[in-house]
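1. need the 3D shape of this:
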Amino acid sequence: MRHVAIGYLGLVLVMSLWTFLVYGFDKRRAVRGGRRVPEQTLHLLALLGGWPGAYLGQRLFRHKISKVPFLAIFWLVVAIHFALVGGVAYAVLAGGAQHPLPWPPSLWQAEREPEPSMTICGVRPEPPRPPR
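-> Numbers count the residues shown, from 1 in each chain. Predicted coordinates:
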């Protein structure tokens, strides 16, 4: 799993550098009145792993920082990457746990005797009776 993390970080590094350069190029074209890079291309570069470079390009070049719809999509892309990395990290750190959530046990376990910690003053509660 370590090679996947290193691969992802390498991808993010390369794509960030490329995306940063594209943001600079687009800003230069915007100032000089040349043909611009489409916003879809900027979003695609961010989605493919260049979101840190896109963020730095936005801040350093003061580019696309006042366009709310553009920024909304950009931050959605960042959230997707954080969710993806968080999900993979959780799966790796859970270490192959059979069921990561401790509650409710009835979803994955057959009915069983209550644990001693589930008793009230040493008396086990009666199981619920089916309705009549």
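
2. contacts, neighbours, all on C-alpha from now
-> Fine.

3. which stretches of the protein have low pLDDT?
-> 1, 95-125 (pLDDT under 70).

4. again, only this time at 50
-> 108 (pLDDT under 50).

5. packing partners for the helix or strand hosting residue 54?
-> Applying DSSP states H and E as the criterion places residue 54 in helix 51-61. Applying 3 or more C-alpha pairs under 8 Å, 6 or more residues apart in numbering; DSSP states H and E, one finds that helix 51-61 contacts helix 2-32, helix 68-93.

6. let's go with 7 Å and repeat that
-> helix 2-32 (3 or more C-alpha pairs under 7 Å, 6 or more residues apart in numbering; DSSP states H and E).

7. that older thread, could you check the angle helix 2-32 makes with the helix holding residue 54?
-> Going by axes from the mean of the first three to the mean of the last three C-alpha atoms, to 10 degrees, helix 51-61 is angled at 30 degrees with respect to helix 2-32.

8. residues making contact with helix 51-61?
-> 16-17, 19-20, 23-24, 27, 46, 64-65, 78 (C-alpha atoms under 7 Å, 6 or more residues apart in numbering).

9. separation between residue 85 and residue 73?
-> According to C-alpha to C-alpha, to the nearest Å, residue 85 and residue 73 sit 19 Å apart.

10. quick one on the thing from earlier: neighbour-wise, which of the contacts of helix 51-61 leads?
-> residue 19 (29 neighbours; other C-alpha atoms under 10 Å).

11. quick one: residues contacting residue 24.
-> 57, 61.

12. could you work out the most separated pair of the contacts of helix 51-61?
-> Across the contacts of helix 51-61, the longest distance by C-alpha to C-alpha is 21.3 Å; it joins 27 and 78.

13. if I look at the most centrally placed residue in the chain, how far off is residue 77?
-> For the chain, residue 83 is the residue whose C-alpha lies nearest the centre (C-alpha atoms, centre = their mean; 1.8 Å). According to C-alpha to C-alpha, residue 83 and residue 77 sit 10 Å apart.

14. ok, residue 28 next?
-> Distance from residue 28 to residue 77, by C-alpha to C-alpha: 24 Å.

15. sounds good, over and out.
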